[in-house]
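Novice: Build me a model:
(chains A, B, C and D, ligands or ions: 6)
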Amino acid sequence: MLINVPETVVADALRGIAAAHPELTVDVENRVVLRRDAPVAGKVALVSGGGSGHEPLHAGFVGPGMLTAACPGEVFTSPVPDQMVRAAAAVDSGAGVLFIVKNYTGDVLNFEMAAELAEDEGVQVAKVLVDDDVAVADSLYTAGRRGTGATLFVEKIAGAAAEEGQPLERVEAIARRVNARSRSFGVALSAVTTPAKGSPTFDLPPGELELGIGIHGEPGRERRPMMTSGEIADFAVNAVLEDLKPGGPVLALVNGMGATPLLELYGFTAEVHRVLGERGVPVARTLVGNYVTSLDMAGCSVTLCEADEELLRLWDAPVRTAALRWGR
Amino acid sequence: MLINVPETVVADALRGIAAAHPELTVDVENRVVLRRDAPVAGKVALVSGGGSGHEPLHAGFVGPGMLTAACPGEVFTSPVPDQMVRAAAAVDSGAGVLFIVKNYTGDVLNFEMAAELAEDEGVQVAKVLVDDDVAVADSLYTAGRRGTGATLFVEKIAGAAAEEGQPLERVEAIARRVNARSRSFGVALSAVTTPAKGSPTFDLPPGELELGIGIHGEPGRERRPMMTSGEIADFAVNAVLEDLKPGGPVLALVNGMGATPLLELYGFTAEVHRVLGERGVPVARTLVGNYVTSLDMAGCSVTLCEADEELLRLWDAPVRTAALRWGR
Amino acid sequence: MGRAGADRRAPVGTVSRVMDADFFRRWMELAAAAVEREADRLTELDSAIGDADHGSNLQRGFAALVAALDKEETATPGAVLVLAGRQLISTVGGASGPLYGTLMRRAGKTLGDAAEVTPAQLAEALRAGVTAVAGLGGAKAGDKTMLDALEPAVDALGESFAAAAQAAERGALATVPMRARKGRASYLGERSVGHQDPGATSSALLIAALAEAEAAR
Amino acid sequence: MGRAGADRRAPVGTVSRVMDADFFRRWMELAAAAVEREADRLTELDSAIGDADHGSNLQRGFAALVAALDKEETATPGAVLVLAGRQLISTVGGASGPLYGTLMRRAGKTLGDAAEVTPAQLAEALRAGVTAVAGLGGAKAGDKTMLDALEPAVDALGESFAAAAQAAERGALATVPMRARKGRASYLGERSVGHQDPGATSSALLIAALAEAEAAR
Ligand SMILES: Nc1ncnc2c1ncn2[C@@H]1O[C@H](COP(=O)(O)OP(=O)(O)O)[C@@H](O)[C@H]1O
Ligand SMILES: Nc1ncnc2c1ncn2[C@@H]1O[C@H](COP(=O)(O)OP(=O)(O)O)[C@@H](O)[C@H]1O
Ligand SMILES: [Mg+2]
Ligand SMILES: [Mg+2]
Ligand SMILES: [Mg+2]
Ligand SMILES: [Mg+2]
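Specialist: Ligands and ions are numbered 1, 2, ... in the order given. Model (predicted):
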């Protein structure tokens, strides 16, 4: 691993983000990454965060048109409430703050505590939970579907709504709508090695893959002999479509888990488009890259969001962050 | 690996690029990726290319303000002359074409043949060779320094000059100047697995690293027990500075080889800035990410370019490609 | 009833001796030492059915907790636990941070500002803490969480701290055949069966440290 | 001089028999088969001191070459080699594509449009090809490249094709202790020592295929 010691991995990265991105304010000690111009007068602020190891999520999505602040926790560990409280205080212009929370017990609890504390300090807080991973049954017998790739859709689209000056209830409602219309499915071709553990979190021989993995190095629901890119696309896209049943065009995120070469990811994209074509689902936009990652895991995920005119307009709206940039 | 069969990896990826990027023209059969609006009237065109497996280089850098066309070869294999001849014919507006060639015997020979053929067809061709890797001695006993990270600097800055409407000799001179002022050094923390071979190109046990590697999975000059991020930064930056001796501020590219998590890469960036600070070298701009990669190799490289006012202005100029985007 | 049991043993044991802030600080220090010692095992367990961070999460939290106890004045058992809870919430993160933090804080608040507390009072306070954990996390016995160690421990506390430690240890072992229904192990469904829950394991360490603190007086 | 040797053996051997386009097509087919058979070994060798693609590069090129020979009319030995060279240039890529392509093209052009050629004429044509390769790539004997197999092979061609094949094989083996000075193996410096050059190895296959074609008549 390219690290000093496991204990300083997150702080080291924050120093690097500060060095590379003068357009951001990085509070290394308190672990908050902010738009330099926050609070932005009259605009709703978006605060997200979660365990580190999923970069560029979330700090790479801080900037005009997306997040106002990000709170990185330790590797694969939800941040602590103090971070979100500090972030909320720093970014609130008076228009309120939306917390974007991936659905993991740790994230939910820590953001909940933070929301209470921030509200005690007079900040109006709304929360949206992202839970898009169809590999997890959303039932009494689980902690509910995990938040994965759809986080990017929620952050981008809600960020655009906030940038337009929409009020907190509207931004929150749009964020919920994006999440409700998004589903993901992920596949691992290798396990992940965290700095603290220093060895792979599970054994995955080269000739096998895990279907239905999350982004924390946990094993998936099922192990199988290696499949081709086309077979994986069939499996993943169908798993998503079974749950989503989109009635119109979709936004597609073809996401790399970190160590899968972009060359392979683009080849996989071709297969994803093929399956969507076969299923009669038109694709409005496709984003390809390593966006919601799991350290050095090889693998990929597919996220689809059933678009509508408003969501497409907000998706296309300008964004200017370290990892996502378009429009003027 | 996330592939169908090794034989179709490049074609599959090109189909995926076509699916995800409607702003590009992708000739899958002939393996050329073009700006959709090429030829651009009155502007010099930039054509680059090389073996695949280094994505987003080069196809990810096709677009306004950077390359006009890219010619991807097989994985780690220079493209064939036919590709560059076709690309040159497609992009030449009459203002001439600059070939940007990384210094590898295969690339040099294939681009040379292409240049002759293109000139026979009436296209004015200039060539610039990128050779920035200080790990290779530039002597009679080697094929000369390899072209690595500086390719991004050359393509971005020459692309901006072409976009401004500068004539071929000027664009060529600027490209040469960027190359002359750029140096790189790379480190591997793991070997690379090509689709054709299917197993790592060399054995690198987890506790060791290779210093002075290129981007083709070849072993480096020296193997050592694992070093910390800080020690690697000391070694790499000093190797670059010894050769470059910049008199002023530099552009810095902190580049991931593909499988190194962005979290680690940002931590490494902090160390690179520390070393540059200790050596009294001011940093004008820092770009961090997986830009000039080597499939699934873990590791990183540092590229520094001694900037001047013109190069900085051209670096900051707008660019709109799949992988690099800024400005309006 | 826990009380009655404790009272019954009082003449021969030391269980009914009251505990002051010093005792609670020692408990926390022994817990921190146990976490430090067992961190790799906790992470290893979490690696099988979670995300391989439980050991380092608690290591970070208990180190911060001990440092805070060194720096800040804590005059009462309640103050020790409230400070401990606040520290865990502010430094652990993950699921276990808010849950353990809440356990400690609620227990501390329940103790109020008494300078000394009886084992029965501690048992009552921890029961309130455990109830708060169940309320916050929505888990119940058999869901393969820390509650599977904490609940039996609290039930046995009235008997003796050693019995509580044994009950917690048994509870942790009993999570092995369970299928997880809460936390990230629940994502694994059937594949969570056959592994010991990391949080139940660390809970057993925490109660063992209490018995150690008691034994050391 | 090579000629004299060839002439000396003519009465007892078949070496001096002239070769037509068919012979050259067979040579190319046998070369393609050898490359197909040995592709993994070539890639393995290239993996040690290069980028692990030499086998698949030549596989792709020779498959295209054979397909082209099937489709396009080639009336003369020269035409076969020129077409082969063009195909290699257009399909192999890498360093070996232009180099092998140039070898074939130059040899083919040197043969002109004679319908049949003698072994001596072939030797002369291949020598011209090898010279062109040296000119294009700037390598010389001892640099640990395909030239280390091709040059001794061309020198021995006058004697017999079998002798040329042996010389090429010896030349390829002789690259093992060499330190590379050209191509990507040169990046390794001292670490290139101890490995056989992949290009020299494939050159030996090419010349062995020539001897095979000869032996099969
Ligand atoms: N809802 C819950 N209620 C009680 N305990 C829980 C709950 N969710 C998780 N836990 C406990 O937390 C432990 C995991 O803690 P930790 O690894 O530190 O956090 P995370 O799961 O966020 O990585 C589990 O082993 C389990 O005992
Ligand atoms: N300058 C050169 N002159 C002659 N032969 C060369 C030269 N450079 C490389 N070669 C030959 O090419 C072989 C490598 O071919 P290949 O692997 O197909 O191309 P690449 O090196 O571009 O990956 C080497 O083993 C060597 O024999
Ligand atoms: Mg965690
Ligand atoms: Mg090659
Ligand atoms: Mg965990
Ligand atoms: Mg090669």
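Novice: Run through the strands of the chain in chain order.
Specialist: Unless you meant another one, I'm taking chain A. A:24-27, A:32-35, A:45-52, A:69-75, A:97-102, A:125-130, A:182-188, A:208-211, A:222-225, A:250-256, A:283-289, A:299-306, A:319-320, A:325-326 (DSSP state E).
Novice: Correction: the question concerned chain C.
Specialist: C:19-20, C:116-117.
Novice: Tell me the pLDDT of the residue in chain C positioned nearest to ligand 2.
Specialist: Ligand 2 sits closest to C:A52 of chain C, with a gap of 39.5 Å, by Cβ to the nearest ligand atom. (C-beta placed from N, C-alpha, C; glycine too.) Predicted confidence (pLDDT) for C:A52: 90.
Novice: With the one 5 residues further on instead?
Specialist: What the model reports for C:N57 is a pLDDT of 96.
Novice: so it touches C:G97, yeah?
Specialist: Yes. Between C:N57 and C:G97 a contact is recorded at 6.7 Å, counting by Cβ atoms under 8 Å.
Novice: For C:E44, see how far away the residue of chain C closest to ligand 2 is.
Specialist: From C:A52 over to C:E44 the distance is 8 Å, taken as Cβ to Cβ, to the nearest Å.
Novice: Give me the common contacts of those two.
Specialist: A:K197 (Cβ atoms under 8 Å, 6 or more residues apart in numbering or on different chains).
Novice: Neighbour count: those two, which is higher?
Specialist: C:A52 (29 against 17; other Cβ atoms under 10 Å in any protein chain shown).
Novice: what sits against that one?
Specialist: C:A52 neighbours (Cβ under 8 Å, 6+ apart): A:F76, A:T194, A:A196, A:K197, A:T201, A:G217, C:T43, C:E44, C:D46.
Novice: swap the cut-off to 10 Å and go again
Specialist: A:75-76, A:192-194, A:196-202, A:216-218, C:42-46, C:198 (Cβ atoms under 10 Å, 6 or more residues apart in numbering or on different chains).
Novice: In JSON lines, list the strands of chain C along with mean neighbour count, mean pLDDT and distance to A:V108.
Specialist: Formatted as JSON lines, those follow (neighbours: other Cβ atoms under 10 Å in any protein chain shown; pLDDT from 0 to 100; distance: least, Cβ to Cβ, whole Å):
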{"stretch": "strand C:19-20", "mean neighbour count": "18", "mean pLDDT": "97", "distance to A:V108": "35"}
{"stretch": "strand C:116-117", "mean neighbour count": "18", "mean pLDDT": "97", "distance to A:V108": "33"}
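Novice: and of these, who's closest to D:A32?
Specialist: The closest of the strands of chain C to D:A32 is strand C:19-20. By Cβ to Cβ, the value is 86.7 Å.
Novice: Spell out which strands sit alongside the closest one in the sheet and which way each one runs.
Specialist: The pairing partners recorded for strand C:19-20 under DSSP bridges are strand C:116-117 (antiparallel).
Novice: quick one, which of C:N57 and C:G97 is more surrounded?
Specialist: Neighbours were counted for C:N57 and for C:G97 using other Cβ under 10 Å; C:N57 has more, 33 against 29.
Novice: okay, the strands of chain A in a markdown table with mean pLDDT, mean neighbour count and distance to B:V281 next?
Specialist: Compiled in a markdown table, these are given as follows (pLDDT from 0 to 100; neighbours: other Cβ atoms under 10 Å in any protein chain shown; distance: least, Cβ to Cβ, whole Å):
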| stretch | mean pLDDT | mean neighbour count | distance to B:V281 |
| --- | --- | --- | --- |
| strand A:24-27 | 98 | 20 | 22 |
| strand A:32-35 | 98 | 26 | 26 |
| strand A:45-52 | 98 | 30 | 29 |
| strand A:69-75 | 97 | 29 | 29 |
| strand A:97-102 | 98 | 29 | 39 |
| strand A:125-130 | 98 | 22 | 42 |
| strand A:182-188 | 98 | 29 | 41 |
| strand A:208-211 | 96 | 20 | 45 |
| strand A:222-225 | 94 | 12 | 50 |
| strand A:250-256 | 98 | 26 | 33 |
| strand A:283-289 | 98 | 20 | 31 |
| strand A:299-306 | 98 | 28 | 39 |
| strand A:319-320 | 98 | 20 | 28 |
| strand A:325-326 | 97 | 16 | 28 |
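Novice: need the residues of chain C near ligand 5, please.
Specialist: C:D46, C:G50, C:D51, C:D53, C:H54 (Cβ under 5 Å from the ion).
Novice: what sits against the fourth one?
Specialist: Contact partners of C:D53, counting by Cβ under 10 Å, 6+ apart, are A:51, A:53, A:73-78, A:106, A:194, A:196-197, A:201, A:216-217, C:42-43, C:46-47, C:59-60, C:92-94, C:96, C:198.
Novice: ends of stretch A:303-314, how far apart?
Specialist: 18 Å (Cα to Cα, to the nearest Å).
Novice: Show the backbone phi and psi for A:E218.
Specialist: Dihedral pair for A:E218: phi -80, psi 150, per degrees, to the nearest 10.
Novice: Stretch A:92-112 near ligand 5 anywhere?
Specialist: No. Applying Cβ under 5 Å from the ion, one finds stretch A:92-112 separated from ligand 5 by no less than 7.6 Å.
Novice: Check A:S199 and give its pLDDT.
Specialist: pLDDT, A:S199: 88.
Novice: I'd say it and A:G217 touch.
Specialist: No. Assessed by Cβ atoms under 10 Å, A:S199 is found out of contact with A:G217, at 11.1 Å.
Novice: With neighbour numbers in mind, choose between the two.
Specialist: Using other Cβ under 10 Å, the more surrounded residue of A:S199 and A:G217 is A:G217, with 28 against 12.
Novice: distance between stretch A:250-261 and the chain's centre?
Specialist: Computed by Cα atoms, centre = their mean, to the nearest Å, the chain-centroid distance of stretch A:250-261 equals 11 Å.
Novice: same check, this time on stretch C:201-214
Specialist: 7 Å.
Novice: And A:P206, how close does it get to A:E271?
Specialist: 21 Å.
Novice: Just want to know which of these two has more residues nearby.
Specialist: More neighbours surround A:E271 than the other of A:P206 and A:E271, with 26 against 12 (other Cβ under 10 Å).
Novice: Contact residues of the stretch 201-328 of chain A facing ligand 3?
Specialist: Counting by Cβ under 5 Å from the ion, the stretch 201-328 of chain A has no residue next to ligand 3.
Novice: Please work out which residue of chain C is closest to ligand 1.
Specialist: Counting by Cβ to the nearest ligand atom, chain C gets nearest to ligand 1 through C:G199 (1.9 Å).
Novice: Touching, that residue and C:L99? I think so.
Specialist: Yes. Look at C:G199 against C:L99 with Cβ under 10 Å: they come within range, at 7.6 Å.
Novice: Next, format the strands of chain A as TSV and append distance to C:E124.
Specialist: As requested, the strands of chain A are arranged in TSV below (distance: least, Cβ to Cβ, whole Å):
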stretch	distance to C:E124
strand A:24-27	41
strand A:32-35	39
strand A:45-52	36
strand A:69-75	34
strand A:97-102	34
strand A:125-130	34
strand A:182-188	46
strand A:208-211	46
strand A:222-225	46
strand A:250-256	50
strand A:283-289	55
strand A:299-306	48
strand A:319-320	54
strand A:325-326	57
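Novice: which residues in the stretch 51-200 of chain A form helices?
Specialist: A:81-91, A:105-120, A:150-163, A:168-180 (DSSP state H, counting those that start in this stretch).
Novice: do you know which of those lies nearest D:A141?
Specialist: Closest to D:A141 of those is helix A:150-163 (Cβ to Cβ; 58.0 Å).
Novice: how much does that closest one deviate in direction from strand A:182-188?
Specialist: 140 degrees (axes from the mean of the first three to the mean of the last three Cα atoms, to 10 degrees).
Novice: what are the C-alpha coordinates of helix A:150-163, in PDB please?
Specialist: What follows is helix A:150-163, C-alpha atoms only, in PDB (Å, rounded to 0.1, in the frame of the first residue of the first chain):
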ATOM      1  CA  ALA A 150     -27.000   6.200  -6.500                       C
ATOM      2  CA  THR A 151     -25.300   8.400  -4.000                       C
ATOM      3  CA  LEU A 152     -23.600  10.100  -7.000                       C
ATOM      4  CA  PHE A 153     -27.000  10.700  -8.700                       C
ATOM      5  CA  VAL A 154     -28.500  12.100  -5.500                       C
ATOM      6  CA  GLU A 155     -25.600  14.400  -4.800                       C
ATOM      7  CA  LYS A 156     -25.400  15.700  -8.400                       C
ATOM      8  CA  ILE A 157     -29.100  16.200  -8.900                       C
ATOM      9  CA  ALA A 158     -29.900  17.600  -5.500                       C
ATOM     10  CA  GLY A 159     -26.800  19.700  -5.800                       C
ATOM     11  CA  ALA A 160     -28.100  21.200  -9.000                       C
ATOM     12  CA  ALA A 161     -31.400  21.900  -7.400                       C
ATOM     13  CA  ALA A 162     -29.800  23.700  -4.500                       C
ATOM     14  CA  GLU A 163     -27.600  25.700  -6.900                       C
END
